[in-house]
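[1] Fold the following, please.
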Amino acid sequence: MALNKQNNNSEQEKRSNFTKEACLKLCGGTLLISLAVAFSAILYFSYKDYIHPKHVYGKWIEIGTPDYDTEILTFSERGVFRNERLITTDFEFDGTLITVATGSGQSVYQMSGTFKSPQLKRITPSSPTQRFIKSGYEDTVKSGGGAAKNRRAALSEHFNSKN
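    Below is the predicted model of the structure:
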C-alpha cells in the first residue's frame, strides 16, 4: 500500500510538472508569435507612411532658371499642376520617385536634397535638366539665374570696363 501511494504521488508530480512545462512553452510561443506580428505591423505601417504622397504635396519651384522662365509644379490630392494649370489628376510616388503621366508623355522626378532642403530632380525626360526646391526652402540654395545669366553679366562687365 505504501508503494502504491508513492507511485500515485509520483504520477501526480509528473502530471503537475508536465502541465507547468506545457503552459510555459505555450506562453513562450504565444509571446514570440505576438512579437513577430507586432514587428510586422510596425514595418508595414512605417512603409505605408514612407510612400504616402503627403511627402510631395505642395509647391515645387524650379531652380537655376531666370525668373521669367521659372516653372512651378504643384502636387496635391487633386492632381499635378504646372504653372497653375492642371496637367494630370494622378501621379505615383514610391518613396523616392514621382511618376507623372500626361498626354505628352511620362515625366519621372527623383526626391533629392535633405530634410532641410527638399529637392526634386527630373530624370525623364533627361533634357533639359530641371531641379526643383519645395516652396519655403528657397533660401537654402543659390539661385544665380542659370549659366546664361552669369555669361551675360560677365560679357557686360567685360565690354563696359573697356571704356
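[2] Please verify my assumption that T124 contacts V108.
    Yes - judged on CB atoms under 8 Å, T124 makes contact with V108 at a distance of 4.1 Å. Where you see a C-beta, it was placed from the backbone N, CA and C, and this is true even at glycine.
[3] What residues does the residue positioned nearest the centre of the chain make contact with?
    What sits nearest the mean C-alpha location of the chain, by CA atoms, centre = their mean, is G95, with 3.3 Å. Under the criterion of CB atoms under 8 Å, 6 or more residues apart in numbering, the neighbours of G95 are 50-51, 111.
[4] Now list the buried members of the residues you listed.
    Neighbour-count burial (16 or more other CB atoms under 10 Å) applied to the contacts of G95 gives M111.
[5] Among the contacts of G95, which are located in strands?
    Judged by DSSP state E, the subset of the contacts of G95 located in strands is M111.
[6] and which of the contacts of G95 is nearest L26?
    Relative to L26, the closest of these is Y50; by CB to CB it sits at 36.4 Å.
[7] What is the end-to-end distance of stretch 121-128?
    Taking CA to CA, to the nearest Å, the first and last residues of stretch 121-128 lie 11 Å apart.
[8] Show residues contacting it.
    Contacts for stretch 121-128 (CB under 8 Å, 6+ apart): 97, 105-110, 112, 129-132.
[9] Looking at these, which one is closest to I33?
    Closest to I33, out of all of those and judged by CB to CB, is L97, at 35.9 Å.
[10] ok, the closest one - how many residues close by?
    The tally of other residues near L97 (other CB atoms under 10 Å) stands at 13.
[11] And for the one 3 residues further on?
    Around V100 there are 22 other residues, counting by other CB under 10 Å.
[12] my guess is it contacts S107, does it?
    Yes - the pair formed by V100 and S107 meets the contact definition of CB under 8 Å, at 4.7 Å.
[13] so where do the strands sit in the protein?
    58-63, 72-76, 79-82, 85-88, 92-93, 97-102, 105-113, 118-124, 131-134.
[14] partners of the last one in the sheet?
    Put plainly, it is strand 131-134. strand 58-63 (antiparallel), strand 118-124 (antiparallel) (DSSP bridges).
[15] Mean pLDDT added to the ones you listed, as TSV?
    What follows is these, written out as TSV (pLDDT from 0 to 100):
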stretch	mean pLDDT
strand 58-63	95
strand 118-124	94
